[in-house]
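3D model of this:
(2 chains)
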Amino acid sequence: EAQVTQNPRYLITVTGKKLTVTCSQNMNHEYMSWYRQDPGLGLRQIYYSMNVEVTDKGDVPEGYKVSRKEKRNFPLILESPSPNQTSLYFCASSLIAPWVSTSTDTQYFGPGTRLTVL
Amino acid sequence: TQLLEQSPQFLSIQEGENLTVYCNSSSVFSSLQWYRQEPGEGPVLLVTVVTGGEVKKLKRLTFQFGDARKDSSLHITAAQPGDTGLYLCAGDDETSGSRLTFGEGTQLTVNP
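Sure thing, here's the model as predicted:
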């Protein structure tokens, strides 16, 4: 089954304690991306990756890091989480970047990770 | 400031009614996508429109891309409780390059 998986699904942590949210896709997609979703602000892109070892900042990259050492995995790292990073996080992947996609391409989203930073 | 403005933000209707939600911007988009998101899940792509004036139908859902590629609408005919969810539009702004921008979404509730 084609899917994007994220772990953990729920996490409560404290300020300053480093954490990693994993993302994995089994569709051999080149493009992967991280978003955060907040009430009244919609989905905002944090980082994206066009391919292995190629990452770039999205709209809200501050306080986050990513890596793309293998095609299937795209972990999101919070080195020193703060309360304003409390949010719902989504990983997504597609064969190629959505802005160059045709009507036949699809961006698949993971189930989400709800993070609370106290 | 949101690049994509969706309206209404909330919509509660009875089963069988028709509805339209809107996605507007002052920017021109190369393409625009519509997603539906259900509680506890990620957004699921419904359709992508790429040509100004384009109309696409997906069963009871009709999507239209404005002639100037600055706006889009989603019309649902004879809504059913299974249509309940958060509807999101997303587009790649011609001036911002490699970015996909999402609207805030329209939360639709269809009551039986």
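
Residue 26 - how many residues pack around it?
Here I'm looking at chain A. 12 (other C-beta atoms under 10 Å in any protein chain shown). No exception for glycine: its C-beta is placed from N, CA and C like everyone else's.

should've been chain B
10.

contacting residues around it?
Counting by C-beta atoms under 8 Å, 6 or more residues apart in numbering or on different chains, residue B:26 makes contact with residue B:70.

Just the element for residue B:47, please.
Secondary structure assignment for residue B:47, by DSSP states H and E: strand B:44-49.

I figured residue B:105 was touching residue B:74, is that so?
No - taking contacts as C-beta atoms under 8 Å, residue B:105 lies outside contact range of residue B:74: 11.6 Å.

Give me the common contacts of the two.
In contact with both residue B:105 and residue B:74: residue B:87, using C-beta under 8 Å, 6+ apart.

Tell me, how many residues neighbour residue A:11?
Count around residue A:11 with other C-beta under 10 Å applied: 16.

Just want to check the distance between it and residue A:86.
Residue A:11 is 10 Å from residue A:86, where distance means C-beta to C-beta, to the nearest Å.

Quick check: neighbours shared by these two?
A:115-116.

just to revisit the earlier point, what comes up buried for the strand holding residue B:47?
The neighbour-count check on strand B:44-49 (16 or more other C-beta atoms under 10 Å in any protein chain shown) flags B:45-49 as buried.

Can I get it as PDB, trimmed to CA atoms?
The C-alpha coordinates for strand B:44-49 follow below in PDB (Å, rounded to 0.1, in the frame of the first residue of the first chain):
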ATOM      1  CA  VAL B  44      -6.100  14.100   0.500                       C
ATOM      2  CA  LEU B  45      -5.800  15.600  -3.000                       C
ATOM      3  CA  LEU B  46      -9.100  15.900  -4.800                       C
ATOM      4  CA  VAL B  47      -8.100  17.700  -8.000                       C
ATOM      5  CA  THR B  48      -5.600  19.900  -9.700                       C
ATOM      6  CA  VAL B  49      -6.600  22.600 -12.200                       C
END
